[in-house]
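Engineer: Show me the folded form of this:
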Amino acid sequence: MANNSTRTAQERIASVLLKAFVGMTCFFLIFPILAIIPISFSSGSFLSYPMPGFSLQWYEAVLQPFPWLETLWNSLFIAICATVLATTLGTLAAYGLTVSRFPGRGLVIAIIISPLIVPIIVVALGVYFFFARVGLLGTFTGLIMAHTALGAPFVVITVLATLQGFDMQLVRASSSLGAKPMATFRQVTFPLIAPGIATGALFAFITSFDEVVVALFVASPAQFTLPRQMFAGLRDQLDPSIVAMSTLLILFTSLILIVMELLRRRTQRIMGGR
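Structural biologist: Just a heads-up that it's a prediction; the model follows:
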């Protein structure tokens with residue numbers, strides 16, 4: 001009994017220490033982000049604490065057509081196109097890798113997810129030299145293709161994880177009833193793995209929307225994305241409008257993370273129910 005009581009007390013202390021450590025880590029990571037939000041409401045003309053007053057002038061500034069809204073539309077257009085392509089290609093690749101067993105399968109998966117492993121600056125250099133040869137530098141097509149390559153691995157990983165719990169007997173049963181492969185995928189497989197696909201698509205969208213290094217190498221001024229414009233603003237002229245746009249991006253990203261968590265829980269319920 002004494003040993004059990006001692007073990008229980010030690011487990012409680014370890015749990016308290018772990019929670020304290022996690023809390024301090026979260027505070028260390030999140031507080032600097034939250035600290036910039038009040039500055040976005042400053043009435044001053046530069047970043048400073050304490051703020052001279054309260055104003056929405058910098059939010060009005062980011063709603064001007066140039067440069068913020070123009071670069072925002074560029075980012076949304078590129079991110080949406082890259083997400084559609086990455087989701088389509090990544091889902092097909094993950095499904096093919098799941099239903100097919102062939103020599104070198106592990107090598108193929110490693111090549112597909114290599115953009116997650118290779119430093120982004122190396123990827124950007126490779127994309128720059130390749131696109132320079134084929135004439136895709138300074139084009140929306142080139143930037144979309146580059147972001148597709150960066151986002152597809154997230155889709156492959158999430159869909160592969162979802163397909164691990166998928167019952168292939170359902171596919172065989174559908175085929176035995178005369179359904180063609182495309183009809184089977186559309187009516188049987190896709191509804192069950194849709195949350196995983198949606199999660200991968202959200203990851204691909206965030207990756208494209210927040211990417212700046214490849215945009216530095218590939219984009220011309222006509223294809224400036226929002227992160228690329230923010231980088232230029234930090235280098236050339238630092239004003240609170242950048243902080244205002246950063247605050248809006250924090251809110252937008254938080255909303256996407258909430259959606260991803262809801263999709264993850266829905267996937268767990270579907271797999272648990274099955």
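Engineer: And the helices in this structure, which stretches?
Structural biologist: In the chain, the segments counted as helices under DSSP state H are 2-35, 57-62, 70-99, 105-112, 114-117, 120-134, 140-164, 169-176, 181-184, 190-210, 213-218, 226-236, 240-273.
Engineer: Please identify the buried residues of the fourth one?
Structural biologist: Taking 16 or more other Cβ atoms under 10 Å as the neighbour-count basis, helix 105-112 is seen to contain the buried residues I109, I112. The C-beta positions use only the backbone N, C-alpha and C, and glycine is treated the same way.
Engineer: now that helix: mean pLDDT?
Structural biologist: Helix 105-112 carries an average pLDDT of 84.
Engineer: Tell me the helices and strands packed up against it.
Structural biologist: helix 70-99, helix 140-164 (3 or more Cβ pairs under 8 Å, 6 or more residues apart in numbering; DSSP states H and E).
Engineer: mind putting those helices in JSON lines, mean neighbour count and mean pLDDT included?
Structural biologist: Listed next are the helices and strands packed on helix 105-112 as JSON lines, based on neighbours: other Cβ atoms under 10 Å; pLDDT from 0 to 100:
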{"stretch": "helix 70-99", "mean neighbour count": "19", "mean pLDDT": "90"}
{"stretch": "helix 140-164", "mean neighbour count": "22", "mean pLDDT": "89"}
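Engineer: ok, back up a step: the helices of the chain into TSV, with extra columns for distance to S45?
Structural biologist: Shown next, in TSV, are the helices of the chain (distance: least, Cβ to Cβ, whole Å):
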stretch	distance to S45
helix 2-35	20
helix 57-62	9
helix 70-99	22
helix 105-112	48
helix 114-117	41
helix 120-134	34
helix 140-164	33
helix 169-176	63
helix 181-184	60
helix 190-210	28
helix 213-218	28
helix 226-236	14
helix 240-273	8
